[in-house]
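Give me a model of this one.
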Amino acid sequence: MFSFCAQPDTLSGLTWLSCYLTTGKHMAFYASFGTVLLLLAITAPVALMFGFGGAAAARSAFAPLRWVGKGYIAIVRGVPDIAFFLFFVIALDQAFEWIRHKVRCPDWDQPIRQGSDFVVCDLAKLPLGNAPQWVHESYGFLLAVLTFAIVFGAFAANVLFGAMRAVPRTQIETAEAYGMTRRQCFWRILVPQMWVYALPGLSNLWMVLIKATPLLFLLGVEDIVFWARELGGAKTPRFTDYPHGDWRVWYFLALLVFYLAFTRVSELVLDRIMARLTHGQATVAGEAARKAA
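Alright, predicted model coming up:
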């Protein structure tokens, strides 16, 4: 990056360190922090959408829809996260390719399942073999977002389902007495009031989601854990211009500081949201906030 970095073997001290920390791989390491933040920014609302849909389905009066909602919550929550991540990404990728295969290659006369191999026509592969590298990386990131959203959406659905049940039934009965329909009671009475009950559970789920981002490493996405292990390992002059010993402890220490700082900021933001939601609410939390004020 700097002009004096042309000959690393002649450098020493802070000059060597400044050149070492600005190599191309380190720039990818710094960019991977943005990958983690982008994952959280996209996954959180998508998971909340899955959770709201699952919770609404679980309390539906239509029995098949209720079974789907409760089944989604029970199945995903009952499977270990790592097993689900390793299995679901492969299954989701093959499902997309199978659909494209049926649409783009209707004349294909060979079986898709050939022993342990999954074989589709070239036009159905995702992404295509001649696609740019950024397309491959974006596709892998998309699969990761969907997997995270489905897994944490099930936990969010369980939290929201409990929050909906926590809203006093008298609130709904009063709305019905005023002539509101079931749909109006749901959107105008139940949904606005459930958030104060759901936020503690959703806050904890957000913290768990932050701590789960290193699972990106298992999904093939070059995240901060991948680069910390890659850059921190011992390097010899034969394989790098900047040889060093095993520095993984320092890289993972940097990750520790990053996650602690990020969770602390999250706690402050969530506390402000909770205070705003409980303001004026006829709940125990709202009464405590009123007395504290």
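
okay, CA-based contacts and neighbour counts for the rest of this
Fine.

ranges for the helices of this structure?
13-20, 24-58, 63-78, 81-104, 133-166, 169-177, 182-184, 191-212, 224-232, 248-278, 284-292 (DSSP state H).

want to try JSON lines for the ones you listed, with mean pLDDT and mean neighbour count as columns?
Shown next, in JSON lines, are the helices of the chain (pLDDT from 0 to 100; neighbours: other Cα atoms under 10 Å):
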{"stretch": "helix 13-20", "mean pLDDT": "78", "mean neighbour count": "14"}
{"stretch": "helix 24-58", "mean pLDDT": "90", "mean neighbour count": "18"}
{"stretch": "helix 63-78", "mean pLDDT": "89", "mean neighbour count": "16"}
{"stretch": "helix 81-104", "mean pLDDT": "80", "mean neighbour count": "15"}
{"stretch": "helix 133-166", "mean pLDDT": "86", "mean neighbour count": "21"}
{"stretch": "helix 169-177", "mean pLDDT": "84", "mean neighbour count": "13"}
{"stretch": "helix 182-184", "mean pLDDT": "85", "mean neighbour count": "12"}
{"stretch": "helix 191-212", "mean pLDDT": "88", "mean neighbour count": "17"}
{"stretch": "helix 224-232", "mean pLDDT": "86", "mean neighbour count": "19"}
{"stretch": "helix 248-278", "mean pLDDT": "88", "mean neighbour count": "14"}
{"stretch": "helix 284-292", "mean pLDDT": "56", "mean neighbour count": "13"}
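
Residue 126: which of those is closest?
For the helices of the chain, the distance to residue 126 is smallest for helix 81-104, at 6.3 Å, taking Cα to Cα.

Now do that closest one: which elements does it pack against?
With contacts taken as 3 or more Cα pairs under 8 Å, 6 or more residues apart in numbering; DSSP states H and E, helix 81-104 sits against helix 133-166.

got the angle for the helix it packs on vs helix 63-78?
Per axes from the mean of the first three to the mean of the last three Cα atoms, to 10 degrees, the angle that helix 133-166 makes with helix 63-78 is 110 degrees.

Please give the centre-to-centre distance between helix 133-166 and its chain.
Centroid separation for helix 133-166 versus its chain: 6 Å, with Cα atoms, centre = their mean, to the nearest Å.

could you give the angle of that helix to helix 81-104?
Using the same axes, to 10 degrees: helix 133-166 against helix 81-104 is 120 degrees.

quick one on the thing from earlier: now distance to residue 119 too, for the helices of the chain, in CSV please.
Listed next are the helices of the chain as CSV, based on distance: least, Cα to Cα, whole Å:
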stretch, distance to residue 119
helix 13-20, 44
helix 24-58, 30
helix 63-78, 28
helix 81-104, 9
helix 133-166, 19
helix 169-177, 54
helix 182-184, 47
helix 191-212, 32
helix 224-232, 30
helix 248-278, 40
helix 284-292, 56
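
of all those, which lies closest to residue 122?
For residue 122, the closest of the helices of the chain is helix 81-104, at 8.8 Å, according to Cα to Cα.

rewinding a little: do you know which of the helices of the chain lies nearest residue 123?
Once those are compared by Cα to Cα, helix 81-104 is nearest, at 6.7 Å.

List the contacts of that closest one.
For helix 81-104, contacts defined as Cα atoms under 8 Å, 6 or more residues apart in numbering pick out 76, 118, 120-121, 123-126, 143-144, 147, 151, 215, 218-219.

now, among these, which is nearest to residue 62?
Using Cα to Cα, residue 76 comes nearest to residue 62 of these, at 21.7 Å.

does the closest one really touch residue 157, like I thought?
No. Using Cα atoms under 8 Å as the test, residue 76 is too far from residue 157 to be in contact (10.8 Å).

The residue lying closest to residue 193 once chain neighbours are set aside and residue 46, how far apart?
Leaving aside its sequence neighbours, residue 193 sits nearest to residue 167 (Cα to Cα, 6 or more residues apart in numbering; 6.7 Å). Computed as Cα to Cα, to the nearest Å, the residue 167 to residue 46 distance reads 24 Å.

what does residue 150 give?
Distance from residue 150 to residue 46, by Cα to Cα: 8 Å.

now do residue 192
19 Å.

ok, the nearest residue to residue 33 once chain neighbours are set aside to residue 139 distance?
Nearest residue to residue 33, sequence neighbours excluded (Cα to Cα, 6+ apart): residue 224, at 6.1 Å. Separation of residue 224 from residue 139 (Cα to Cα): 18 Å.

likewise residue 203?
Look at residue 203 and residue 139: by Cα to Cα, they are 29 Å apart.

can you check residue 126 too?
For residue 126 relative to residue 139 (Cα to Cα), the value is 8 Å.
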